[in-house]
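1. just to be clear, the model below is a prediction. Sequence and coordinates:
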Amino acid sequence: MNSIASDSTAHSNKRWGLPLILPCLLYALAQLLSSHLIVDGRVLVVYDLELAAISAVLVLFGYRAIPGLVLLTVLSLLLRPLAETWELLGYLAAGLISVFFYTQSTGWRSPSSFGRISLTTQRIIWLCLCNALLNTVFSEVICFFTMAHPCSGMVWDHLFNAQTLVRIQGVMNGCVTGIPLFYTVLRIISRPKYAAVCCKSVVAQFSENVGYTRFAAWLTTLLILMVCLNIPFQGNVFFTFYSLILIFPLMLWSSVRFGYIITTPVWTVMLIVLGKNNENYIALNDDFMLHQVLVSTAIFVFTLTIVIMGVLSRFNKLRFDELLEIGLTDPMTNMPNLRALKADIKAAPHSTVCLIQVPEMELFSRRYGLHFRARYQKKLADHLHKQLNDDEKIYYHAGFGLLLKLNEPSWGRLSLLYKSANTFRYSHNNQQLGFRSGLGYCRATQFCNDVYSLTGKLGIVSGLSLVNGKPENLEAQSSRILESYIVGRTDIRTVLQKTLDNDAFVLMAQPIVSTRGEERYHEILLRMLDEEGRFIPPDRFLPVATEAGLAPDIDLWVIRNTLKTMQQHPDRCFSINLAPVTVCRASFVHNVQLLLTQFSVDPHRIIFEITEADALSDTEQSQNTVRSLKSLGCRVAIDDFGTGFSSHARLRDVSADILKIDGSFIREITESELSHYIVESFCHVAKMKNMQVVAEYVENENIQLCLERMNVDWLQGYHIGKPVPLLSLV
């Protein structure tokens with residue numbers, strides 16, 4: 001209890017003790033650093049910091065500075081000449097009024113550190129312009145009533161002379177540069193930790209692209225020019241105020257590159273030195289006052305420019321950092337994104353990157369929206385954070401998952417993270433939802449410059465992890481095999497689009513021969529060549545075409561080119577296979593009708609082969625497509641019959657012209673009694689439905705003879721005839 005009371009007393013003493021003592025010390029220091037000249041028996045103010053010292057005390061301490069300023073006034077009355085006391089009263093009156101209006105305009109932000117763009121305008125208006133003008137007015141009023149001419153160096157009837165202009169600009173220069181300097185010194189004394197804040201701000205503002213060479217060149221040039229200005233040698237133009245003009249662009253460059261916190265103190269020190277050596281670069285001759293006015297005006301204008309540019313530089317740096325932070329953060333989850341991951345693995349290339357992927361999130365996002373996904377990922381990240389070290393991070397991944405950067409994780413840690421992700425439960429609408437997750441991982445060394453390729457590859461192994469139920473390494477053999485498979489499919493997809501765009505598919509025709517002496521017809525088979533001219537099997541590229549949504553376009557291409565051939569040979573009959581997605585497209589039949597009309601082909605000579613699953617499905621659009629094709633006059637065949645969910649009862653309800661029995665039954669018809677019976681039963685039901693039967697994969701004469709004994713209508717296979725290019729057939 002006594003310790004608490006002691007701390008409270010110490011804090012109270014510091015809170016009121018420093019504002020009592022510091023004004024006296026700071027004002028004495030300001031008098032020492034200020035610069036004045038005696039010209040024609042009058043005091044010429046070159047650079048005045050006394051008003052700046054009083055204003056800085058009032059800005060930082062507020063009403064707590066009043067006792068200290070009263071003490072300063074009393075000590076001045078006792079220890080200093082009366083003229084200096086009157087001068088102090090002028091400073092106090094100007095400082096109190098200007099700081100009061102400044103505080104009223106800025107509110108609680110008034111004691112904030114200098115360099116903030118939001119307060120710069122108010123500080124220039126009240127603490128600089130208003131302060132200096134009020135001080136001039138009060139000084140002249142005091143001078144008029146007391147006839148204490150040394151206090152101002154002006155007389156009432158010459159208020160707007162050169163000395164007045166130089167004085168006002170000297171005081172304003174002191175306020176613009178001195179108040180921030182004194183404020184910083186006072187704040188560090190009252191709170192020493194503020195020194196670390198200032199150092200941190202200096203490091204943050206120091207532009208990264210300046211470099212030590214440019215900084216050394218800037219500092220060397222600045223020192224040379226300052227030496228020229230402070231050496232009393234007039235034999236060269238560089239030893240006059242011409243060098244001062246050369247300093248201005250250097251300081252402007254500094255304010256842009258280094259920022260406010262570095263440039264303003266440096267410029268303040270330079271002004272103090274230049275003020276003390278004013279006569280070295282401005283000769284005391286007949287043109288002295290003219291040159292002094294020009295130099296004073298130039299210094300004031302460039303002081304404002306340097307300060308404003310330094311503030312703008314700091315503001316731009318802060319805004320840039322904010323934009324950079326925005327660019328490295330996902331807006332929905334406020335988590336680091338892929339750009340942040342790229343920057344982090346560049347800094348730590350030997351770290352391990354993990355991808356936790358939740359495929360089911362796509363389905364739930366469709367139902368509940370993207371915000372559901374974002375909230376889930378955020379909660380999952382919070383759950384996993386408990387198992388990470390301080391220097392390990394979690395990143396947002398748009399592909400329904402999270403990315404983790406780990407430092408040399410063991411298999412045990414990876415397994416624990418995998419288990420933790422899969423046991424996590426998310427509460428939504430009073431339901432506890434759990435999703436299966438896959439975890440893929442690898443070292444980031446070879447992917448430092450291509451994080452997007454890294455996440456793509458990790459997506460492959462995270463899918464494998466989901467199947468195998470354990471974390472999967474991208475560098476493992478099984479992962480490389482899966483990656484090779486994925487790469488192969490993407491290569492096929494590329495060739496597929498290129499072939500479709502260039503009309504480069506190859507159409508083959510395989511004969512289907514009648515066992516009753518009818519005219520044969522041919523099934524159109526689609527082939528595709530890779531970039532080296534080799535055939536790609538249909539079972540490799542057709543699934544890719546379906547996944548890519550290209551199957552309907554490819555089917556229309558096949559129909560168009562087949563009809564184009566039939567236009568020249570109208571006596572030919574062909575059967576064309578349709579993809580399931582094509583059958584489900586409402587516009588397909590209309591497109592077929594347009595093509596039949598365009599090429600003037602008899603619809604009865606076209607047979608569309610539809611897979612058993614589509615022909616016997618309950619999908620309304622599939623049934624409509626079958627009926628519409630038959631109404632056009634085309635014939636419909638059920639392809640690969642026997643491999644799906646067909647039964648004799650479902651076959652009873654289908655309306656088709658031809659039944660094609662799947663080759664898996666035909667191959668074993670002479671060796672398997674069961675296959676023989678199944679094929680025979682299919683044939684009986686088809687006859688009852690007045691459907692013709694086609695047997696696929698007739699590979700030898702024994703199979704052909706067996707099928708002929710069953711009265712199968714049509715035969716197709718390599719024993720009957722191999723596929724040949726369509727153009728060579730006609």
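-> Cool, the structure landed.

2. could you pull out the strands for the stretch 551-700 of the chain?
-> Here the stretch 551-700 of the chain has its strands, by DSSP state E, counting those that start in this stretch, at 574-577, 606-611, 635-641, 658-661, 692-695.

3. what's the mean pLDDT across the longest one?
-> So the one you mean is strand 635-641. Mean per-residue pLDDT for strand 635-641: 88.

4. direction included, what does that strand pair up with?
-> As defined by DSSP bridges, the strand partners of strand 635-641 come to strand 606-611 (parallel), strand 658-661 (parallel).

5. tell me the most buried of those strands?
-> Each of the strands paired with strand 635-641 was scored by mean neighbour count; the highest is strand 658-661, a mean of 26, by mean count of other Cβ atoms under 10 Å. C-beta here means a position set from N, CA and C on the backbone, and glycine is covered the same way.

6. re earlier: now that we have the strands of the stretch 551-700 of the chain, can you turn them into CSV and tack on distance to F138?
-> Formatted as CSV, the strands of the stretch 551-700 of the chain follow (distance: least, Cβ to Cβ, whole Å):
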stretch, distance to F138
strand 574-577, 101
strand 606-611, 100
strand 635-641, 104
strand 658-661, 109
strand 692-695, 113
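
7. for burial, what's the neighbour tally of E84?
-> 17 (other Cβ atoms under 10 Å).

8. with I356 instead?
-> 30.

9. how much space between the residue nearest the centre of the chain and A444?
-> Closest residue to the average C-alpha location of the chain: G327 at 3.4 Å, with Cα atoms, centre = their mean. Relative to A444, G327 is positioned 20 Å away (Cβ to Cβ, to the nearest Å).

10. which residues touch the residue nearest to L403 when sequence neighbours are not counted?
-> Closest residue to L403 apart from its sequence neighbours, by Cβ to Cβ, 6 or more residues apart in numbering: Y395 at 4.1 Å. Counting by Cβ atoms under 8 Å, 6 or more residues apart in numbering, Y395 touches 335-338, 340-341, 402-405.

11. most neighbours of all those, which one?
-> Among these, L404 has more neighbours than the rest - 28 neighbours, counting by other Cβ under 10 Å.

12. surely that one is within a helix?
-> No. Counting by DSSP: H, G, I helix; E, B strand; the rest coil, L404 is not found in a helix; it is strand.

13. check contacts around it.
-> 353-356, 384, 388, 392-395, 417.

14. 6 Å - rerun?
-> 354, 394 (Cβ atoms under 6 Å, 6 or more residues apart in numbering).

15. could you check the distance from the closest residue to S628 other than its chain neighbours over to I554?
-> Leaving aside its chain neighbours, S628 sits nearest to V589 (4.1 Å; criterion: Cβ to Cβ, 6+ apart). According to Cβ to Cβ, V589 stands 17 Å off from I554.

16. swap in D530?
-> D530 is 16 Å from I554, by Cβ to Cβ.

17. so these two - more neighbours on which side?
-> Legend: neighbour count by other Cβ under 10 Å for D530 and I554, higher for I554 (22 against 13).

18. got the contact list for that one?
-> By Cβ under 6 Å, 6+ apart, the contact list for I554 reads A545.

19. what's the spacing between it and T85?
-> Distance from I554 to T85, by Cβ to Cβ: 100 Å.

20. try F239
-> Applying Cβ to Cβ to F239 and T85 gives a distance of 40 Å.

21. then F641?
-> 116 Å.

22. cool, I124 as well?
-> For I124 relative to T85 (Cβ to Cβ), the value is 30 Å.

23. pLDDT weak spots in the stretch 201-350 of the chain?
-> 205-209, 233-235 (pLDDT under 70).

24. sorry, back to before: the residue nearest to the centre of the chain - nearest residue in space that isn't next to it in sequence?
-> R339 is the one closest to G327 (Cβ to Cβ, 6+ apart), at 6.0 Å.

25. cool, and Y47?
-> Per Cβ to Cβ, 6+ apart, closest to Y47 is G275, 3.4 Å.

26. element containing the one you found, please.
-> Using DSSP states H and E, G275 sits in helix 260-276.

27. identify all contacting residues around that helix.
-> Helix 260-276 is touched from outside by 33, 35, 46-47, 115, 177, 180-181, 201-202, 205, 251, 254-255, 306, 310-311, 314, with contacts defined as Cβ under 6 Å, 6+ apart.

28. filter these down to the buried ones, ChimeraX style.
-> Of these, the buried ones go into a single ChimeraX selection, burial set by 16 or more other Cβ atoms under 10 Å:
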select :33,35,46,47,115,177,180,181,201,205,251,254,255,306,310,311,314
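
29. which ones among the contacts of helix 260-276 map onto strands?
-> 35, 46-47 (DSSP state E).

30. in this structure, which helix is the longest?
-> helix 288-327 (DSSP state H).

31. in the stretch 101-250 of the chain, which spans are helices?
-> Along the stretch 101-250 of the chain, counting by DSSP state H, counting those that start in this stretch, helices occupy 117-122, 131-146, 162-190, 194-205, 211-230, 242-257.

32. so which of those comes closest to G90?
-> G90 lies closest, by Cβ to Cβ, to one member of those: helix 131-146, at 4.1 Å.

33. ok so, going back, ok, now how distant is the residue nearest to S628 from I606?
-> V589 is 12 Å from I606, by Cβ to Cβ.

34. next up, phi/psi of L439, please.
-> Here is the backbone geometry of L439 (degrees, to the nearest 10): phi -130, psi 120.

35. and it, what are its bridge partners?
-> Here L439, judged by DSSP bridges, has bridge partners I356.

36. that one touches S465, doesn't it?
-> Yes. Taking contacts as Cβ atoms under 6 Å, L439 lies within contact range of S465: 5.1 Å.

37. what is in contact with these two at once?
-> P471.

38. burial of D287, as a residue count?
-> Counted with other Cβ under 10 Å, residues neighbouring D287 total 11.
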